[in-house]
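**Q** predicted model follows, preceded by the sequence.
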Amino acid sequence: MLVLPTRLLHDDAPACLLMLQQGLAAASESSTVVDASALTQFDSSAIAVLLECRREASSAGRGFAVKGLPPRLRELAALYGVAGLLPAAP
């Protein structure tokens, strides 16, 4: 499972994405789960990072899901019309 930090704002996005990419490269599971439950400070950059992680997981033939997406971030994803691309992990 990949874990997001507590803060994911525009300035944090490149480092966070690099961390997730490294985690994806090292993982051997058939599905990628990103734990977003620690997120307390975020902006739309968090959605961009999650979507890029999803794209890379898909390119590697893996499933993708997000655990603990904060309600406010889910609302933002719905506003942008991408909520369906960030399925909740069981």
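**A** Arrived safely.
**Q** centroid-wise, who is the farthest residue in this protein?
**A** S28 (17.7 Å; C-alpha atoms, centre = their mean).
**Q** that one belongs to a strand, doesn't it?
**A** No. Using DSSP: H, G, I helix; E, B strand; the rest coil, the assignment for S28 is coil, not a strand.
**Q** do you know the pLDDT at it?
**A** pLDDT for S28: 83.
**Q** now do the strands in the protein.
**A** Counting by DSSP state E, the chain has strands at residues 2-3, 7-8, 31-35, 41-42, 63-67.
**Q** what's the neighbour count on I47?
**A** 22 (other C-beta atoms under 10 Å). Heads up, the C-betas are built off the backbone N, CA and C, glycines and all.
**Q** likewise for L86?
**A** By other C-beta under 10 Å, neighbour count at L86 equals 21.
**Q** rewinding a little: just name the most buried of the strands of the chain.
**A** strand 7-8 (a mean of 20; mean count of other C-beta atoms under 10 Å).
**Q** what sits against the closest residue to S31 other than its chain neighbours?
**A** Spatial nearest neighbour of S31, excluding adjacent residues (C-beta to C-beta, 6 or more residues apart in numbering): G63 at 3.6 Å. G63 makes contact with 30-32, 57 under the criterion C-beta atoms under 8 Å, 6 or more residues apart in numbering.
**Q** list the contacts of the spatially closest residue to L69 that is not a sequence neighbour.
**A** Distances taken as C-beta to C-beta, 6+ apart put A36 closest to L69, at 4.8 Å, once the chain neighbours are dropped. Applying C-beta under 8 Å, 6+ apart, we find A36 in contact with 4, 46, 50, 66-70, 73.
**Q** one more pass at 10 Å, please.
**A** 2-5, 8, 42, 46, 49-50, 66-70, 73-74, 86, 89 (C-beta atoms under 10 Å, 6 or more residues apart in numbering).
**Q** next one: L76
**A** 42-44, 46-47, 69-70, 82-83.
**Q** re earlier: report pLDDT for the residue nearest to L69.
**A** 97.
**Q** gap between it and G61?
**A** 23 Å (C-beta to C-beta, to the nearest Å).
**Q** keeping just the C-alphas, turn the biggest helix by length in the chain into CSV.
**A** For the chain, the longest helix by residue count, based on DSSP state H, is helix 44-59. Output of helix 44-59 as CSV, limited to C-alpha atoms (Å, rounded to 0.1, in the frame of the first residue of the first chain):
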residue,chain,number,x,y,z
SER,A,44,-6.5,20.1,-6.5
SER,A,45,-2.8,19.0,-6.9
ALA,A,46,-3.8,15.9,-4.8
ILE,A,47,-6.2,14.9,-7.5
ALA,A,48,-3.6,15.4,-10.2
VAL,A,49,-1.1,13.2,-8.2
LEU,A,50,-3.7,10.5,-7.7
LEU,A,51,-4.7,10.5,-11.3
GLU,A,52,-1.1,10.2,-12.5
CYS,A,53,-0.6,7.3,-10.1
ARG,A,54,-3.7,5.7,-11.5
ARG,A,55,-2.4,6.1,-15.0
GLU,A,56,0.9,4.6,-14.2
ALA,A,57,-0.7,1.7,-12.3
SER,A,58,-2.9,1.1,-15.4
SER,A,59,0.1,1.2,-17.7
